[in-house]
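Colleague: Got a sequence here, can you build the structure:
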Amino acid sequence: MEASNKSQVMLRAFSSRNFRLYYTGQAISLIGTSMTQVATSWLVYRLTDSAWLLGLVGFTSQIPTLVLIPLGGIIADRTNRHRILLVAQILGMLQSLALTWLALSGTINIEYIAILGVLQGIINAFDIPTRQAFLPETVSKENLGNAFALYSSLVSVTSMVGPAMPTAASYAGLLIVALGSGLCFLIDSISYFAVIIALLAIQLTSRKVVISKRKPLEELKTSFKYAFGFLPIRSVLIGSALVCCVWGFYLALGPIFAKEILQGGPNTFGFLMTASSLGTLAGGIYLTKHSNVLESGKVLALGIGFMGVSLIVFALSRVFWLSLLSLLAAGFGFILQIIAGRTLLQLLVSDENRGQITGLYVMASTGAVPIGNLIAGALASKIGSSNTVILGASICIAGSILFMQQISTFRDLVRLNLPTEGA
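Modeller: Just a heads-up that it's a prediction; the model follows:
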């Protein structure tokens, strides 16, 4: 009985029909997206055998998101969010269908992959901030916190770590062996129907769009100064950028580790993705049971350091099972920093600047991944994939040590700025 009550409390946002539709549609779509990320990375490396081009394609597909996401956040606040999401999902489906046709027809090449990646990055710049801003419209105010927790876990465990639905990642690797990347792209194209149908089925009351008199650049400048002038938020932003950048090393070079170091194929790559995904799931479950907000600084620091140590073990490993275990541990450390940071951010920022601060967070985390892809590709071509990952992981460990030295000040500032009910 007690377990049932706890379950009901943890899942209370699902009492809203709109949230159930939205959450289910997004979950199915993200499974398709994770398969495409696995298939694309492997396809690029198979076509080029180049670590540099592998990193470059990852960079070009995500850098438009980093550049345009502030504009996307402003438009999300000033326009009909439901309509933006529908258009973004339809465009994303068309992009995926184009990738499918090129792959199945045998005309796919690195140039087409890069161009379609840039288009997807532009779409994501408007889709990602709108998704987060749209969420409060799907639930009642009293269940908003629970909805954010549930959706943050979904996003963290799927889109933020690449192919992070375990079944999708492993099956994608097996499907590449059996039928080629085109089938993975086709499944992704079909998965878009789930979120499009869900959005069409959602019933909303009309929302009054607020017309701001402030210039967009003025809003961004004010939010930037506030975020980086306040230690807890600055720590969350810098920590997220660091782990996501180094995580980008692993995502970009994963095919090389699977093929060259572990002497495997795309199924090996899929299982490596699965291991890191299981680690993120374990970390998410751990944080639902250990959610002391005042200790979030320690969680952030330990997550960064734990990820760093685990990635060094992965980079040095030449044994498949040890590589799997080390990636499981790395995924655990990665998600500790991501979920703890995102939750703390939501508690500390006020409603009037929530959108802009959240936009900065998305820039810091999402934007760091393509930068990591690019750095990884450039370094790996010079010093090798293993040394590249070791270098990035060592920076994480150093950052964790520096962060630990500020824990007491961090805790005091969080205590002073938390709402009474949050402490």
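
Colleague: What's the local residue count around residue 205?
Modeller: Applying the criterion other CB atoms under 10 Å, we find 5 residues in the vicinity of residue 205. Any C-beta I mention is one placed from the backbone N, CA and C, and that applies to glycine too.

Colleague: Repeat that for residue 52.
Modeller: Using other CB under 10 Å, residue 52 has 16 neighbouring residues.

Colleague: ditto for the one 4 residues further on
Modeller: The burial count assigned to residue 56 is 21, neighbours taken as other CB under 10 Å.

Colleague: cool, the one 4 residues further on as well?
Modeller: Residue 60: 18 surrounding residues under other CB under 10 Å.

Colleague: ok, it - contacts?
Modeller: By CB atoms under 8 Å, 6 or more residues apart in numbering, residue 60 lies in contact with 114, 117-118, 121, 370.

Colleague: Most neighbours among those residues, please name it.
Modeller: Once you tally neighbours by other CB under 10 Å, residue 370 ends up highest among the contacts of residue 60, having 28 neighbours.

Colleague: Packing partners of the helix or strand hosting it?
Modeller: Taking DSSP states H and E as the criterion, residue 370 maps to helix 368-383. Helix 368-383 is packed against helix 51-78, helix 231-256, helix 385-404, with contacts defined by 3 or more CB pairs under 8 Å, 6 or more residues apart in numbering; DSSP states H and E.

Colleague: quick one, the host helix or strand of residue 34 and helix 231-256 angle?
Modeller: Of the helices and strands defined by DSSP H and E, residue 34 is found in helix 17-48. Inter-element angle recorded for helix 17-48 and helix 231-256: 50 degrees (by axes from the mean of the first three to the mean of the last three CA atoms, to 10 degrees).

Colleague: Now do the helix holding residue 370: everything it contacts.
Modeller: Residues from elsewhere that reach helix 368-383 (CB under 8 Å, 6+ apart): 50-63, 65-66, 240-242, 244-249, 251-253, 256, 387-389, 391-392.

Colleague: Show the buried residues in the residues you listed.
Modeller: 50-63, 65-66, 240-242, 244-249, 251-253, 256, 388-389, 391-392 (16 or more other CB atoms under 10 Å).

Colleague: For residue 58, give me its contacts.
Modeller: Shown in contact with residue 58 (CB under 8 Å, 6+ apart): 41, 248, 251-252, 369-370, 373-374, 377.

Colleague: scratch that, residue 257 is what I was asking about
Modeller: So residue 257 contacts 272, 314, 323, 385 (CB under 8 Å, 6+ apart).

Colleague: so of these, which ones are in helices?
Modeller: With helices defined by DSSP state H, the entries of the contacts of residue 257 inside them are 272, 314, 323, 385.

Colleague: State the number of residues packed around the last one.
Modeller: As a burial measure, the neighbour count of residue 385 was computed by other CB under 10 Å and equals 25.

Colleague: Isn't it up against residue 262?
Modeller: No - in this structure residue 385 lies outside contact range of residue 262 using CB atoms under 8 Å: 11.3 Å.

Colleague: Closest to residue 191 out of the ones in helices among the contacts of residue 257?
Modeller: residue 272 (22.5 Å; CB to CB).
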